[in-house]
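K.L.:
attaching a predicted model along with its sequence, questions to come.
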Amino acid sequence: MHNVVNKVLFITAIVLIALFAYKTIKTPSAISTTVSINSEEQRSLAETNQVERTEKIVQEYLLNNPEIIIQAIESFQQRKMQEVELQTSQYIMDNKAIIEDSIMSPVLGNPDGDVVIVAFYDYNCSYCKKGDNFIEQLIKSDNAVKIILKVFPILDESSNYAASVALAVYKISPNQFKNIHNGLMNLRTITKDSVTKLLLAENISPEIIATEINKEEIKNLISSNKQLGKNLKIQGVPVYIINGRLISGMIDLAQLQKIIATTRNQNKK
């Protein structure tokens, strides 16, 4: 934000300096002075004085009208946000098949659902945990929605460990994934011991999972999810992609249902 402010101030100052300099130079007194000066040193001194006077005028103008700077910053930020949104929308459109690929990514709900929700999440993220509860409620209330889960571990090393475990479970025993997924979401602290207890409670061998999480297949999937998030300019989680639209932040059940209803109406047209 500081860099943006500096940039806007610099641009604003340059523009105003140019305007004031142009106006001042065009006045009769300025023309008269220029005509009367003959030596290079005198011209240089006059130009220096003119710049100093102009800078002082600009400085006073900006101090007396700070709202112009605020408006410029807001306008600049709005344009940048619109540019990013357009770029992201285009990327989603061009890479729809990759984003909605569910060959290895866990799927909840209806695999043949008419509305697809891609959810990026981290098992250590409190908002992801809350958002997952709303996804669970959505699945129970709407049997025509497909949820594609993209593990996106960005908080700490235990996030990466939990993501690896979840993907390993989905690979060797897809039917047990949902229970493990819910269990990981409910863990307050993710450690090797807490995850081991969770696996044993579902009769899943911790040794087999330990072997799976070290395979390149699991590592590559997490890496590809991170690269996808980078391409989508994801800065935090949770993030949802619904019908080509990227939505950052947690979405509650009512919002999800509203977005899905709008999506279905658009698809009918």
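P.N.:
Structure received.
K.L.:
show me where the protein has its strands.
P.N.:
Taking DSSP state E as the test, the strands found in the chain are 107-109, 115-121, 145-151, 239-242, 245-248.
K.L.:
pairing partners for the second one, with directions?
P.N.:
Meaning strand 115-121. Strand 115-121 sits in its sheet next to strand 145-151 (parallel), strand 239-242 (antiparallel), going by DSSP bridges.
K.L.:
in TSV: those strands, plus mean pLDDT, distance to Ala168 and mean neighbour count.
P.N.:
In short, each C-beta sits where N, CA and C put it, glycine included. Formatted as TSV, the strands paired with strand 115-121 follow (pLDDT from 0 to 100; distance: least, Cβ to Cβ, whole Å; neighbours: other Cβ atoms under 10 Å):
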stretch	mean pLDDT	distance to Ala168	mean neighbour count
strand 145-151	96	11	23
strand 239-242	96	23	22
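K.L.:
got JSON lines for these, with distance to Leu86 too?
P.N.:
Shown next, in JSON lines, are the strands paired with strand 115-121 (distance: least, Cβ to Cβ, whole Å):
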{"stretch": "strand 145-151", "distance to Leu86": "22"}
{"stretch": "strand 239-242", "distance to Leu86": "16"}
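K.L.:
so where's the stretch 51-200 of the chain shaky on pLDDT?
P.N.:
For the stretch 51-200 of the chain, the stretches with pLDDT under 70 are 74-85.
K.L.:
one more time with 90, if that's ok
P.N.:
51-91, 93, 96-98, 100-104 (pLDDT under 90).
K.L.:
re the thing from before, which of the strands paired with strand 115-121 sits closest to Leu184?
P.N.:
When the strands paired with strand 115-121 are ranked by distance to Leu184, counting by Cβ to Cβ, first place goes to strand 145-151 at 9.9 Å.
K.L.:
in the stretch 151-269 of the chain, which spans are helices?
P.N.:
157-172, 174-186, 192-201, 206-213, 216-231, 253-268 (DSSP state H, counting those that start in this stretch).
K.L.:
point out the most buried one among those helices.
P.N.:
helix 157-172 (a mean of 22; mean count of other Cβ atoms under 10 Å).
K.L.:
give me the angle between that one and helix 192-201.
P.N.:
Helix 157-172 and helix 192-201 are oriented at 20 degrees to each other (axes from the mean of the first three to the mean of the last three Cα atoms, to 10 degrees).
K.L.:
could the strands of the chain be laid out in JSON lines, adding distance to Met93?
P.N.:
Putting those into JSON lines (distance: least, Cβ to Cβ, whole Å) gives the following:
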{"stretch": "strand 107-109", "distance to Met93": "22"}
{"stretch": "strand 115-121", "distance to Met93": "14"}
{"stretch": "strand 145-151", "distance to Met93": "17"}
{"stretch": "strand 239-242", "distance to Met93": "11"}
{"stretch": "strand 245-248", "distance to Met93": "11"}
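K.L.:
mind checking which of these is nearest Ile213?
P.N.:
Nearest to Ile213, of all those, is strand 145-151, at 12.0 Å by Cβ to Cβ.
K.L.:
any idea how far that closest one is from the chain center?
P.N.:
Computed by Cα atoms, centre = their mean, to the nearest Å, the chain-centroid distance of strand 145-151 equals 18 Å.
K.L.:
what do you get for stretch 198-218?
P.N.:
Per Cα atoms, centre = their mean, the displacement of stretch 198-218 from the mean C-alpha position of its chain is 31 Å.
K.L.:
then stretch 203-220?
P.N.:
On Cα atoms, centre = their mean, the centre of stretch 203-220 falls 30 Å from that of its chain.
K.L.:
circling back: looking at the strands of the chain, spot the one closest to Glu60.
P.N.:
Using Cβ to Cβ, the strands of the chain put strand 245-248 closest to Glu60, at 41.4 Å.
K.L.:
now do the closest one: which elements does it pack against?
P.N.:
helix 66-94, strand 239-242 (3 or more Cβ pairs under 8 Å, 6 or more residues apart in numbering; DSSP states H and E).
K.L.:
run the last query once more with 10 Å
P.N.:
helix 66-94, strand 115-121, strand 239-242, helix 253-268 (3 or more Cβ pairs under 10 Å, 6 or more residues apart in numbering; DSSP states H and E).
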